[in-house]
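Asks: I'd like to go over a predicted model; first the sequence, then the structure.
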Amino acid sequence: MAKTDFRSVDEYIATFPTEVQKILEEIRGIIREAIPEAKEVISYQIPCYDNSGPIVYFSAFTNHISVAAPPPTIEVFKDELTAYKTSKSVFQIPYDQPIPKELITKMAKWREAENLKKAKK
């Protein structure tokens, strides 16, 4: 993937092989269902969902999908992320593992609620 000026999530997803596109679309659907009022944008040249600030990002790599959220999201869900490689703001889902729909849903809803709390202050 050499393109670095994506204008839409569709355009980003289209740059990957069919099997990876299916996984990206699955994650996209999980996020859209969890936080339907969030705006779908490209940020840092990857898909992002925003509502009063960034909620969750996703991206594809050679051996995994990364799901990212602003701190302290990963820390809050660390007990549920023990099966995944994590960093301060990202967890990796290897292609040979199922997509953790419930976990992504909970993380997205939690992050959106945090953003909306901050926006009301």
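Replies: Structure's in. What do you need?
Asks: can you pull the contacts of Tyr12?
Replies: Tyr12 makes contacts with 6, 24, 42, 45-47, as judged by Cβ atoms under 8 Å, 6 or more residues apart in numbering. (C-beta placed from N, C-alpha, C; glycine too.)
Asks: which one of those has the most neighbours?
Replies: Taking other Cβ atoms under 10 Å as the neighbour criterion, Pro47 ranks highest of these with 24 neighbours.
Asks: ok, that one touching Pro54?
Replies: No - Pro47 is beyond contact range of Pro54, at 10.9 Å (criterion: Cβ atoms under 8 Å).
Asks: biggest strand in this protein by residues?
Replies: When secondary structure is assigned using DSSP state E, the longest strand within the chain turns out to be strand 54-60.
Asks: Can you tell me what sits against it?
Replies: Counting contacts by Cβ under 8 Å, 6+ apart, the residues touching strand 54-60 from outside are 1, 16, 20, 23-24, 27-28, 31, 35, 38, 43-44, 46-49, 65-70, 104, 107-108, 111-112, 115.
Asks: In strands, which of these fall?
Replies: For those, the ones inside strands are 43, 46-49, 65-68, with DSSP E as the criterion.
Asks: Run through the bridge partners of Lys85.
Replies: Beta-bridge partners of Lys85, counted by DSSP bridges, are Gln92.
Asks: Quick check: nearest residue in space to Val9, chain neighbours excluded?
Replies: Using Cβ to Cβ, 6 or more residues apart in numbering and skipping residues adjacent in sequence, the residue nearest Val9 is Pro47, 4.4 Å away.
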